[in-house]
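Participant: the following block contains a protein sequence and its predicted model.
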Amino acid sequence: TKSGFWDVPEDAWYAPAIDWAARQGILAGYEDGSAKPDENITREQLASILYRYAQYKGYDTAQGGMAIREFTDYESISDYAMEAMAWAVNGDIINGMGDGALNPQGDATRAQVAQMLMSFSETW
């Protein structure tokens, strides 16, 4: 496919969006060359996509502070997502789950996705 992901058919309604995001470096995909478009998105994946989109747009993504270390599951954040999650926490784009955890590898609910998109759009 144009996007380079073996599991994104060229005639899929979402293929142009995935192709664009991949060409811009916003969507990286998985090590096996897939995009897994039919799977749920995790909180850290969404934070990473928003972070890369902010970089693509030329927004200042530099952050300070150690707020992310205050979460009990800080160490469960994937290496690839650490910088993006720190940016998202410091920018109030993502918040904890109310129990002191971030749940970075948990599936993002529709409500969480909507909240993150709204917070992103209001901040940037």
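Facilitator: Received it, and whenever you're ready, just let me know what you need.
Participant: residues touching the residue minimising distance to the centre of the chain, list them.
Facilitator: Centroid-nearest residue in the chain, with Cα atoms, centre = their mean: L46, separated by 2.3 Å. By Cβ atoms under 8 Å, 6 or more residues apart in numbering, the contact list for L46 reads A108, V113, M116. All C-beta atoms are positioned from the backbone trio N, CA, C, and that covers glycine.
Participant: cool, M85 as well?
Facilitator: E44, A47, S48, I68, I77, I94, L102, P104.
Participant: would you map the helices across this structure?
Facilitator: In the chain, the segments counted as helices under DSSP state H are 15-23, 43-56, 82-90, 110-123.
Participant: which parts of the first one are buried?
Facilitator: Okay, so that is helix 15-23. A15, I18, D19, A21, A22 (16 or more other Cβ atoms under 10 Å).
Participant: what lies in contact with it?
Facilitator: Helix 15-23 has contacts (Cβ under 8 Å, 6+ apart) with 1-5, 8-9, 27-29, 35, 37, 49.
Participant: buried among the residues you listed? Make that a PyMOL selection.
Facilitator: Buried subset of the contacts of helix 15-23, written as a PyMOL selection, criterion 16+ other Cβ under 10 Å:
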select buried, resi 1+3+5+8+27+29+35+37+49
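Participant: any chance of CSV for the contacts of helix 15-23, columns distance to E83 and pLDDT?
Facilitator: CSV is the format used below for those (distance: Cβ to Cβ, whole Å; pLDDT from 0 to 100):
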residue, distance to E83, pLDDT
T1, 28, 54
K2, 28, 74
S3, 24, 72
G4, 23, 89
F5, 23, 95
V8, 26, 95
P9, 32, 94
L27, 16, 96
A28, 13, 91
G29, 18, 93
A35, 21, 96
P37, 24, 95
I49, 13, 97
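Participant: where does pLDDT dip in the protein?
Facilitator: Along the chain, the parts satisfying pLDDT under 70 run over 1.
Participant: and if we set it to 90?
Facilitator: Along the chain, segments meeting pLDDT under 90 span 1-4, 62-66, 98, 123-124.
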